[in-house]
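S.K.: here's a sequence, model it:
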Amino acid sequence: MARPVIVDCDPGHDDALAILLAAGSPAVDLLAITTVAGNQTLDKTTLNARRVCTVAGIAVPIAAGCDRPLLRPLVTAAEVHGDSGLDGPDWPEPAVPLSDGHAVDLIVEHVMGRPGEVTLVPIGPLTNVAMALRREPRIASRVREVVLMGGSADRGNVTPAAEFNVFADPEAAAVVFDAGWPLTMVGLNLTRQAPVTADVLGRIEAIGTPLAAVVVQLLGFYHGRYAGRPEPGPPLHDPCAVARVIDPALVACREAVVAVETQGRWTSGATVVDYAAGAGRPANASVATELDAPAFWDLLLDALGRLPGPA
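M.R.: Reported below is the predicted structural model:
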């Protein structure tokens, strides 16, 4: 039976692939897509979610959420994702409409309406999810689980200590990690095991559909932003969280205490991971540690091949 899922995102190239993986997997019942400011401003990330759904033939509610972090100025990642947040393809006008309601209300409505069933997959800054907890604290006991892309058990990518999604709104991340619900952190230490290589691009191109051609353009741009770096390609962060939901065996995890640093001058946004659960604190997260990369790419390509493309 397909698992009901809400993807909360800030598209973003890797977010786009995460949406496609969720929508194209028979194991997922994609209830809604909610958007947040992060990789770009809210108007752009919301437009990008509609663009992705249009070219893939995905018909689910899309609701816009918070346009800024809880306490801090907005930071974006145009240096990675471009001015639009999803540079690369020549996008058609989106045909998928935007829902009237707010993302926070939509999250609360689905979780409260289906106790124990809905999985939240936040793959952007955690502002919407923190606000949903503040709006209705009971969602912490009603959600099935939260599987987020964010943080790191080793080094960061915005600063040496911090990953972008947590760095962008560490106060929201602290609320989410401290909520007492089942939570899995899929951080940079895991997602760096899924680089977009030339071989991956070739396999996607070989699918031969119009959607695959758009994905190749997307990932070609994304790959170009990593030119000159020692990695074989840019990590495809966000789909790793969706893959964990689809097939937990693909992503090995360890229980840990995770604390979010909100005050450090040099470490703000760091996720401090204690696998030993020190000082008597119980674990509050499963931390992703190892990816079955060949199976991950097979899963993603299968999902891309299943999607119908534009109507």
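S.K.: hey, let's count contacts and neighbours off CA atoms from now on
M.R.: OK.
S.K.: give me the number of residues near the residue nearest to Val258 when sequence neighbours are not counted?
M.R.: The spatial neighbour of Val258 that comes closest, neighbours along the chain excluded (CA to CA, 6 or more residues apart in numbering), is Val273 at 4.6 Å. Using other CA atoms under 10 Å as the criterion, Val273 is surrounded by 20 other residues.
S.K.: what sits against Val273?
M.R.: Applying CA atoms under 8 Å, 6 or more residues apart in numbering, one finds that Val273 lies in contact with 153, 256-259.
S.K.: can you give me the strands for the chain?
M.R.: In the chain, the segments counted as strands under DSSP state E are 3-9, 28-35, 62-64, 119-122, 145-149, 183-186, 251-260, 271-274, 285-291.
S.K.: possible to save these as TSV with distance to Met112 and mean pLDDT?
M.R.: Formatted as TSV, the entries for these read as follows, by distance: least, CA to CA, whole Å; pLDDT from 0 to 100:
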stretch	distance to Met112	mean pLDDT
strand 3-9	13	98
strand 28-35	14	98
strand 62-64	17	98
strand 119-122	12	98
strand 145-149	13	98
strand 183-186	18	98
strand 251-260	26	97
strand 271-274	29	96
strand 285-291	22	98
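S.K.: hang on, the earlier thing: which one of the contacts of Val273 sits closest to Asp302?
M.R.: Closest approach between those and Asp302, by CA to CA: Ala153, at 29.5 Å.
S.K.: in contact with the closest one, which residues are there?
M.R.: By CA under 8 Å, 6+ apart, Ala153 lies in contact with 187-189, 271-273, 287.
S.K.: local confidence estimate at Ala276?
M.R.: Ala276 carries a pLDDT value of 77.
S.K.: tell me, how many residues neighbour it?
M.R.: When neighbours are defined as other CA under 10 Å, Ala276 has 13 of them.
S.K.: so which residue is smack in the middle of this structure?
M.R.: The chain has Ile123 as the residue nearest its centroid, 2.0 Å off, counting by CA atoms, centre = their mean.
S.K.: and that one, how far from Gly309?
M.R.: In this structure, Ile123 and Gly309 are separated by 23 Å, where distance is defined by CA to CA, to the nearest Å.
S.K.: likewise for Gly264?
M.R.: According to CA to CA, Gly264 stands 46 Å off from Gly309.
S.K.: of these two, who's got more company?
M.R.: Neighbours of Gly264 and Gly309, each counted by other CA under 10 Å, are more numerous for Gly309; the result is 18 against 9.
S.K.: count the residues that sit near the closest residue to that one other than its chain neighbours.
M.R.: For Gly309, the nearest residue in space outside its immediate sequence neighbours is Ala56; the separation is 4.0 Å by CA to CA, 6+ apart. Around Ala56 there are 24 other residues, counting by other CA under 10 Å.
S.K.: which stretches in the stretch 51-200 of the chain count as helices?
M.R.: 78-81, 103-113, 127-135, 139-142, 164-168, 170-177, 188-191, 198-207 (DSSP state H, counting those that start in this stretch).
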